[in-house]
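> what's the 3D shape of this:
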Amino acid sequence: MADEEKKWTPPQPEEQHKWLLKLVGDWTIEGECNMGEDQTASKSTGHETVRAVGEFWTIAEGEMKSPEGSGLTRMTLGYDPQKKSFVGSWVGSMMTNMWVYQGELDAAKRVLTLNTVGPDFENLGKELNYQDIMEIVDDDNRILRSRMQGADGKWTQIMSANYKRKK
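Okay, here's the model as predicted:
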């Protein structure tokens, strides 16, 4: 018997795709960034709109303001059943690096940890591991924490932001 040719069938949303829909909506943001022990933390405010792209993807469009200036951000997130991993990207008007994500949801289905690699801002030309960690507090509140892994292997939080759903 010859091998039967497998035909493509439209994918069905999985539990992870449905989780992403919790992010959909309009959000206010209050954030703080600290890029080093010898630097003063920078506070920022902004807003973000997250839209569904069909049943499998979200796209977040944000705008932040801080004493240093303003910036536009775009994030895509989805779930790839083949990789068994969340995937996505992040770009911001304040830098030239595109952050490419791969990550997983914790067992409680509240925290999504997105792993990425990006520039070492203290050693130009080198890269470090980073994580963006999204925590769903409740339907109207979420937290984003960013951290980087130093050459010594130690993780240091460099940014946090509280998101509150606009009513």
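
> buried ones in the helix or strand encompassing residue 79?
For residue 79, the element it lies in under DSSP states H and E is strand 69-80. Buried residues in strand 69-80, counted by 16 or more other C-beta atoms under 10 Å: 71, 73, 75-79. To be clear about C-beta, it is placed using only N, CA and C from the backbone, and glycine gets the same treatment.

> by pLDDT, give me the weakest of the residues you listed.
Ranked by pLDDT, the buried residues of strand 69-80 bottom out at residue 71, which has 94.

> ok, so what distance separates that one from residue 148?
Distance, residue 71 to residue 148, using C-beta to C-beta, to the nearest Å: 19 Å.

> and residue 122, how close does it get to residue 156?
According to C-beta to C-beta, residue 122 and residue 156 sit 12 Å apart.

> more neighbours, the two?
With neighbours defined as other C-beta atoms under 10 Å, residue 122 and residue 156 compare such that residue 156 has more, 15 against 11.

> contacts only, for that one.
Listed by C-beta atoms under 8 Å, 6 or more residues apart in numbering, the contact set of residue 156 reads 147-150.

> send the alpha carbons of the host helix or strand of it over as CSV?
For residue 156, the host element (DSSP H and E) is strand 155-165. Presented in CSV, the C-alpha positions along strand 155-165 are these (Å, rounded to 0.1, in the frame of the first residue of the first chain):
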residue,chain,number,x,y,z
TRP,A,155,19.4,37.6,35.8
THR,A,156,18.7,41.3,36.5
GLN,A,157,15.3,43.0,36.1
ILE,A,158,15.7,46.1,33.9
MET,A,159,12.0,47.1,33.3
SER,A,160,8.6,46.6,34.7
ALA,A,161,5.2,47.9,33.5
ASN,A,162,1.7,47.7,35.0
TYR,A,163,-1.1,47.5,32.5
LYS,A,164,-4.6,48.4,33.4
ARG,A,165,-7.6,47.8,31.1
